[in-house]
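K.L.:
Dropping the sequence and predicted coords here.
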Amino acid sequence: MLNSFYDKFIFTSGLQYTHNNFFLLNMPFTIIPIDILVGLAEMDDKDLNIKLYYSVKESVKNAVRKDFQIDFGVQGEKGLDFMQTFFSASGWGKIDRTDLDLEKCHALVSVANSPIAMNCKKCQTPADTFLRGILAGIFSIYFKKDVECVESNCAALHANQCDFVIKPIEEFDFTKTATRGQLKVD
């Protein structure tokens, strides 16, 4: 028994291991030690983190959604719930939406027990660059409008949990160091 989410896919043959590769609903994925992602997070390299964030965001928008065949227009919040459950069950921490405003394209998301943040010992800035990109990609699809994600609290910096603010880029305050450190300033 892996967890209730993955057990369903094992039972229905939706999770496969073929030619030394894992596939979930025909989407290839890998299992990696968290220390690899922690090593990247602890580099505290602003330019690298921004490049990683936008790369992950675009990958989610362009590939992950298609691989999972998610259509938020048809599935609405059920599709969003599936993505939340998938990433929680995949070991990214306990992900909860604490607020969602479809009209304004705003979301607040909290993550308890982020494995990256919990294992970072040397971070000076928020650690969850990959998760920010994942959330920005998912919510850009869901809102049908490009949105960005800033980590406002991070467990790597001694917060109780990691908190993420998702909204259109023009609504972020670029006078704040945290915003400038996580998003491109054009």
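P.N.:
Here it is on my side, so go on. Numbers count the residues shown, from 1 in each chain.
K.L.:
Okay, now the unreliable bits of this structure?
P.N.:
Counting by pLDDT under 70, the ranges of the chain that qualify are 1-2, 64-76.
K.L.:
could you pull out the helices for it?
P.N.:
4-11, 34-41, 46-59, 65-68, 72-75, 77-87, 115-119, 129-143, 177-182 (DSSP state H).
K.L.:
In TSV: those, plus distance to residue 107 and mean neighbour count.
P.N.:
Backbone N, C-alpha and C define where each C-beta goes, glycine included. Converted to TSV, the helices of the chain look like this (distance: least, Cβ to Cβ, whole Å; neighbours: other Cβ atoms under 10 Å):
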stretch	distance to residue 107	mean neighbour count
helix 4-11	21	13
helix 34-41	23	16
helix 46-59	14	16
helix 65-68	16	15
helix 72-75	13	12
helix 77-87	9	16
helix 115-119	19	20
helix 129-143	5	25
helix 177-182	16	16
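K.L.:
of these, which approaches residue 28 most closely?
P.N.:
Residue 28 lies closest, by Cβ to Cβ, to one member of the helices of the chain: helix 65-68, at 8.3 Å.
K.L.:
what sits against residue 15?
P.N.:
Shown in contact with residue 15 (Cβ atoms under 8 Å, 6 or more residues apart in numbering): 6, 9, 22-24.
K.L.:
Return the distance of it relative to residue 47.
P.N.:
Plainly put, residue 15 is 37 Å away from residue 47 if you go by Cβ to Cβ, to the nearest Å.
K.L.:
Ok, residue 121 next?
P.N.:
From residue 121 over to residue 47 the distance is 22 Å, taken as Cβ to Cβ.
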